[in-house]
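Novice: pasted the sequence and its predicted model underneath.
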Amino acid sequence: MLDWNRDPHRRWNPLSREWVLVSPHRTQRPWQGQVEEAPSSSQPDYNPACYLCPGNARAGGVRNPNYASTFVFDNDFAALKPDTPAGDFSHGGLLLAETEPGISRVVCFSPKHNLTIANMEPDDIRLVVDCWVDQFLDLGARDFINYVQIFENRGAMMGASNPHPHGQIWSCKTLPNQVASEQLSQQAWMAERGGCLLCEYVRIERSEGVRLVEENDSFLTVVPFWAVWPFETMILAKRHLTALDELTTAERAALADILKRTTARYDRLFQVPFPYTGGPHQRPTDGAPHREWHMHWHFYPPLLRSATVRKFMTGYELLGTPQRDLTAETAAERLRAV
């Protein structure tokens, strides 16, 4: 008889329209692969060598102000530039290229070098949420910006070059691949069924409860049924809202609350500062209403078995289909337990 908790099976991701292979029996296999160095949680309040701390000089020579809460600046080594000249290239319909103007910014969450979202005060995280809203409105209002991607890379394992609490914002002319895929899926669901894909998903997850990790008045955190990363989570707004600028005053505070509670659970899982890439997906800023969009937050953490053993995306995952060993239900149970 089939056992969904033990037998290999596939799960469908309705946002990306891709399958993920789930192989629960593989959690029993021995591990003799790469072991990472455990991340250190010891950092000073202020680091004179940190280019993000207040009053310090950045790599380009600009000196940071003595900021007291959040601080935003254009990235000194921006991936996207607003003055990129227009141009395109095509050869035989196979070799295609086009220029991509945009604006890249850095957001310092706090002047204190040794904080993370998990151990910041809720009122201070609320200031970060307010900053994200302001940046979404500011960047999205520009005629050459059609999407604003806010994200945070936390930890050296995720490529963060500086432990100071900060994130980035890359705003661009065209929709990023994942966002474009999610938009098509949500548009198709609304056209075919007359409702919101993620509103229905929220209803299912709240009803079943087995993948639910956190919940407050306005948001819930779940391990998605179709999760790829071992402890991947998604924060979903309970009511239908398309982007950060639609948050009420109470919802801004609730978002700060659930971000803190979710990341704190990560830190308690293996008793280390938990690495992840996280950020929201929300409606484009091309001027259309995009009522199909339901704002949500993705967290992609790499740790698998412990603070020093991570999930690798290689082999079958790169050549075939993403695969996970831990079921979403088991991952949610373990996160709830801490």
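Specialist: Structure's in. What do you need? It should be emphasised that the depicted structure is a prediction, and the values quoted were computed from it without experimental measurement. Residues are numbered from 1 along each chain as shown.
Novice: would you map the strands across the stretch 201-338 of the chain?
Specialist: With DSSP state E, counting those that start in this stretch as the criterion, the stretch 201-338 of the chain has strands at 212-215, 219-222, 233-237, 276-281, 296-300, 303-306, 309-310, 323-324.
Novice: of all these, which lies closest to Asp257?
Specialist: strand 219-222 (8.1 Å; C-beta to C-beta). The C-beta positions use only the backbone N, C-alpha and C, and glycine is treated the same way.
Novice: on contacts alone, who are the packing partners of the closest one?
Specialist: helix 197-208, strand 212-215, strand 233-237, helix 249-269 (3 or more C-beta pairs under 8 Å, 6 or more residues apart in numbering; DSSP states H and E).
Novice: show me where the stretch 201-338 of the chain dips below the pLDDT cut-off.
Specialist: 305, 308 (pLDDT under 70).
Novice: for the residue positioned nearest the centre of the chain, which non-adjacent residue is closest in space?
Specialist: In the chain, the residue lying closest to the centroid (C-alpha atoms, centre = their mean) is Gly278, at 2.1 Å. Once flanking residues are discounted, Gly278 sits nearest to Phe299: 4.2 Å by C-beta to C-beta, 6 or more residues apart in numbering.
Novice: contacts only, for that neighbour.
Specialist: For Phe299, the contacting residues are Glu232, Thr233, Met234, Ile235, Thr262, Thr263, Tyr266, Tyr276, Thr277, Gly278, by C-beta atoms under 8 Å, 6 or more residues apart in numbering.
Novice: then Ala49?
Specialist: So Ala49 contacts Asn56 (C-beta under 8 Å, 6+ apart).
Novice: that one sits in which helix or strand?
Specialist: Assignment of secondary structure by DSSP states H and E places Ala49 within no helix or strand.
Novice: how far away is it from Asn64?
Specialist: 13 Å (C-beta to C-beta, to the nearest Å).
Novice: cool, and Arg265?
Specialist: Applying C-beta to C-beta to Arg265 and Asn64 gives a distance of 32 Å.
Novice: go on, Pro101?
Specialist: Distance from Pro101 to Asn64, by C-beta to C-beta: 26 Å.
Novice: in the stretch 1-150 of the chain, where is pLDDT below threshold?
Specialist: 26-41.
Novice: which ones are touching the residue nearest to Phe77 when sequence neighbours are not counted?
Specialist: Closest residue in space to Phe77, ignoring its immediate chain neighbours: Ala59 at 7.5 Å, by C-beta to C-beta, 6+ apart. By C-beta under 8 Å, 6+ apart, Ala59 lies in contact with Tyr51, Asp76, Phe77.
Novice: ok, back up a step: could you dump the helices and strands packed on strand 219-222 to TSV with distance to Pro163 and mean neighbour count?
Specialist: Shown next, in TSV, are the helices and strands packed on strand 219-222 (distance: least, C-beta to C-beta, whole Å; neighbours: other C-beta atoms under 10 Å):
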stretch	distance to Pro163	mean neighbour count
helix 197-208	33	16
strand 212-215	25	20
strand 233-237	22	24
helix 249-269	14	20
